[in-house]
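> any chance you can model this:
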Amino acid sequence: MAIQWFPGHMHLTKKAIQERIKEIDVVIELLDARLPGSSANPMLAELTGAKPALKVLNKQDLADPARTALWLDHYNSQPGTRAIGLDASMTAPAKALIDACHALAPTRGSMVKPMRVLICGIPNVGKSTLINTLTGKRATKTGDEAGITKIEQRLVLADGFYLWDTPGMLWPRIIVAKSGYNLAASGAIGRNAFEEEEVALELLDYLIPNYPQLLEARYKVEVTPGITDEALLEAIGRKRGAVMSKGRINLQKAAEIVIYEFRAGTPGRITLETPEEFARWMAAGTLLDAERQVKKDKIETSRLIKLKKIPRPAKPE
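The predicted structure follows:
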């Protein structure tokens, strides 16, 4: 099942970015270091054009450090782009952000020519928590739930440095199926838009070959060669006491345990994608989306012909 989620306030966020971007010097996109590709908003590139971009891999303390290094190299190799990692343990995140923005726009940052920065990100990526840390006060609401922030606000980080915060925004249609599951697992998608059991199975399917030792250590189960995600979810449910009458496993409860503990980083430092993997997923998703669009166009053409709004194509002689 494809996962989609685009509430009404995200349309307003899109419009706000389109208006604000005209006077912005640098765009900061906050990414989830556990899923840097899936949490990068493809619509943002269209909205911001060629503005210098700072990719901030947030929650890097929850992510696989080796894979974080790969993603930082990936983004730093792109023109007009810098990438840095942040986590809750950093003592001076504001300085790191300000220095990186000055490197991207060296002529800005004085009282005469202030640095004007727009910070964006998907829901629940930690943007509100970061901004509260930057300002040293509770400037925005926070919570482990997508869609908390719903209004734009301006903040002053330093003399001549203005930051515009925007609500979290996904994109109207997620074309990479794996990204939908990863976003749901991370908490970026509203809980009513997906089935926990399905997301937990997809998550375990990836963790089995990539992080078997972490699974064994956390859940005290054997991750044997060839074990399926369904069998592992049942084993986790049995270990955690999610057992109903006649020995049946409460898979819903087991799935909630797996998802919650991934979000909290309890099993260990995990990253759900590498740059190479995400590139393959994106290529496959783009191809499938193009094929889907061709089918839709054919259906729409047939409908218009039936309504006699367009002429029927001439048959080749």
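
> can you give me the strands for the chain?
Here the chain has its strands, by DSSP state E, at 26-32, 53-58, 81-85, 115-121, 153-158, 161-165.

> of the ones you listed, which stretch is the most buried?
strand 26-32 (a mean of 25; mean count of other CB atoms under 10 Å). (Glycine included, C-beta is placed from N, CA and C.)

> and that strand, how far from the chain's centre?
11 Å (CA atoms, centre = their mean, to the nearest Å).

> equivalent analysis for stretch 180-194, please.
The answer for stretch 180-194 is 9 Å, by CA atoms, centre = their mean.

> avg pLDDT for that stretch?
The average pLDDT within stretch 180-194 is 91.

> in it, what's buried?
Buried residues in stretch 180-194, counted by 16 or more other CB atoms under 10 Å: 180-190, 193-194.

> please flag which of these sit within helices.
180-186 (DSSP state H).

> just put these in a markdown table and tack on distance to E29.
As requested, those are exported to a markdown table (distance: CB to CB, whole Å):
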| residue | distance to E29 |
| --- | --- |
| G180 | 19 |
| Y181 | 21 |
| N182 | 17 |
| L183 | 15 |
| A184 | 20 |
| A185 | 20 |
| S186 | 15 |
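
> show me the contacts for the residue nearest to R218 when sequence neighbours are not counted.
Spatial nearest neighbour of R218, chain neighbours left out: P267 (4.2 Å); criterion: CB to CB, 6 or more residues apart in numbering. By CB atoms under 8 Å, 6 or more residues apart in numbering, P267 lies in contact with 207, 211, 214-215, 217-219, 261.

> can you give me the pLDDT of P267?
pLDDT recorded at P267 is 97.

> then L232?
Value for L232, per-residue pLDDT: 98.

> contacting residues for it?
Applying CB under 8 Å, 6+ apart, the residues near L232 are 204, 208, 215, 221, 223.

> without its sequence neighbours, what residue ends up closest to the third one?
With CB to CB, 6+ apart as the criterion, L215 has its nearest non-adjacent residue at 5.2 Å, and that residue is V223.

> what sits against the closest residue to L233 other than its chain neighbours?
Spatially, and ignoring its direct neighbours in sequence, L233 is nearest to A254 (5.3 Å; CB to CB, 6+ apart). Listed by CB under 8 Å, 6+ apart, the contact set of A254 reads 200, 233-234, 236-237, 240, 242.

> coming back round to it: of the ones in helices among the buried residues of stretch 180-194, closest to N132?
S186 (19.9 Å; CB to CB).

> against T286, how distant is that closest one?
Relative to T286, S186 is positioned 22 Å away (CB to CB, to the nearest Å).

> could you list the low-confidence segments of the protein?
Along the chain, the model assigns pLDDT under 70 to residues 1-11, 137-152, 304, 306-310, 312-317.

> quickly list the domain ranges of it.
Residue ranges for the domains of the chain, per automatic domain parsing: 12-165, 195-264.

> closest one of the buried residues of stretch 180-194 to L35?
Using CB to CB, the buried residues of stretch 180-194 come closest to L35 at N182, 4.4 Å.

> how much space between the closest residue to V221 other than its chain neighbours and E196?
Closest residue to V221 apart from its sequence neighbours, by CB to CB, 6+ apart: A235 at 4.5 Å. From A235 across to E196, the span is 17 Å (CB to CB).

> what does Y219 give?
From Y219 across to E196, the span is 17 Å (CB to CB).

> same check on P172?
With CB to CB as the criterion, P172 and E196 are 24 Å apart.

> who's more crowded, these two?
Counted by other CB atoms under 10 Å, P172 and E196 do not tie: E196 has more neighbours, with 20 against 11.

> I figured the more buried one hits N250, correct?
No: the pair E196 / N250 is not scored as a contact, 11.5 Å apart, by CB atoms under 8 Å.

> at the geometric centre of this protein, which residue sits there?
Centroid check for the chain by CA atoms, centre = their mean gives S39 as the closest residue, at 2.1 Å.

> excluding its backbone neighbours, what's nearest that residue?
Residue nearest to S39 in three dimensions, not counting chain neighbours: D32, with 4.2 Å by CB to CB, 6+ apart.

> in contact with the one you found: list those residues for me.
38-39, 57-59, 122, 125-126, 186, 188.

> ok, of these, which one's closest to D229?
Out of those, the member with the shortest distance to D229 (by CB to CB) is S186, at 18.0 Å.

> surely the closest one touches R263?
Yes: assessed by CB under 8 Å, S186 is found in contact with R263 at 6.6 Å.
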